[in-house]
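[1] The sequence and its predicted three-dimensional model are supplied below.
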Amino acid sequence: MKLSGSVGSGPAAFESASRAVLSLRMHRKAGVKMTMPTDTVRLGDVVRLRFGVGPVALHGSCDVISVFDEPRRRGFRYRTRPDHPEEGEESFTVDWAPDDQVLVTVESFARPNKLLIRLAGPAARLGALLVNRRYLWAVRKIVSEAGGSAGRRGPA
């Protein structure tokens, strides 16, 4: 599944979106509880997550397997660990395009790893899509609050 959308334009939006992604603030604002060893994602980090409330919360962890830190592209990719409800990889990329638009792309390749997720079937895939849309919303909101020019174009 791949989802992209504009979150703003210009250098301020690029910096703000990059910080939101690399600090996991995007995840937290979208409602996913995330913890990591430092303030910014680093290669080799173990990221722990919790989504939901109380006994119905899903828990898991991921290994950061790459970090992108280029002049017009930033982000990271992680791979799930055995305790995660899914098995796969997910990447979060911020691109500052030549037309000045700042695009965030969330790309995931996953299959169920736990019985609950297998039983959920299509509902689990819909849930993943909704969470990815929420990530884009979160970055737009963060960029807007930081004074960047938040874009209003939907997912591409």
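    Alright, I've got the coordinates.

[2] Provide the secondary structure category for the residue nearest the centre of the chain.
    Nearest to the mean C-alpha position of the chain, by Cα atoms, centre = their mean, lies residue 92 at 5.0 Å. Counting by DSSP: H, G, I helix; E, B strand; the rest coil, the backbone at residue 92 sits in strand.

[3] I'd say it and residue 135 touch.
    Yes. Proximity of residue 92 to residue 135 meets the contact threshold set by Cβ atoms under 8 Å, at 7.3 Å. For every residue, glycine as well, the C-beta is placed using N, CA and C.

[4] For whichever helix or strand residue 143 is part of, the averaged confidence score.
    Assigned by DSSP states H and E, residue 143 belongs to helix 122-145. For helix 122-145, mean pLDDT rounds to 81.

[5] Mean confidence (pLDDT) on stretch 44-51, please.
    pLDDT averaged over stretch 44-51 gives 92.

[6] what sits up against that stretch?
    24, 27, 31-38, 41, 57-64, 78, 81, 131 (Cβ atoms under 8 Å, 6 or more residues apart in numbering).

[7] switch the cut-off to 6 Å
    The contact list for stretch 44-51, computed with Cβ atoms under 6 Å, 6 or more residues apart in numbering, reads 32-37, 57-62, 64.

[8] Adding pLDDT, neighbour count and distance to residue 72 as columns, could you present those residues in JSON lines?
    Below are those laid out as JSON lines (pLDDT from 0 to 100; neighbours: other Cβ atoms under 10 Å; distance: Cβ to Cβ, whole Å):
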{"residue": "32", "pLDDT": "88", "neighbour count": "18", "distance to residue 72": "27"}
{"residue": "33", "pLDDT": "90", "neighbour count": "14", "distance to residue 72": "31"}
{"residue": "34", "pLDDT": "90", "neighbour count": "18", "distance to residue 72": "25"}
{"residue": "35", "pLDDT": "91", "neighbour count": "12", "distance to residue 72": "29"}
{"residue": "36", "pLDDT": "93", "neighbour count": "19", "distance to residue 72": "25"}
{"residue": "37", "pLDDT": "92", "neighbour count": "11", "distance to residue 72": "27"}
{"residue": "57", "pLDDT": "76", "neighbour count": "11", "distance to residue 72": "37"}
{"residue": "58", "pLDDT": "78", "neighbour count": "16", "distance to residue 72": "34"}
{"residue": "59", "pLDDT": "83", "neighbour count": "13", "distance to residue 72": "35"}
{"residue": "60", "pLDDT": "89", "neighbour count": "18", "distance to residue 72": "32"}
{"residue": "61", "pLDDT": "94", "neighbour count": "16", "distance to residue 72": "31"}
{"residue": "62", "pLDDT": "95", "neighbour count": "23", "distance to residue 72": "26"}
{"residue": "64", "pLDDT": "98", "neighbour count": "17", "distance to residue 72": "21"}
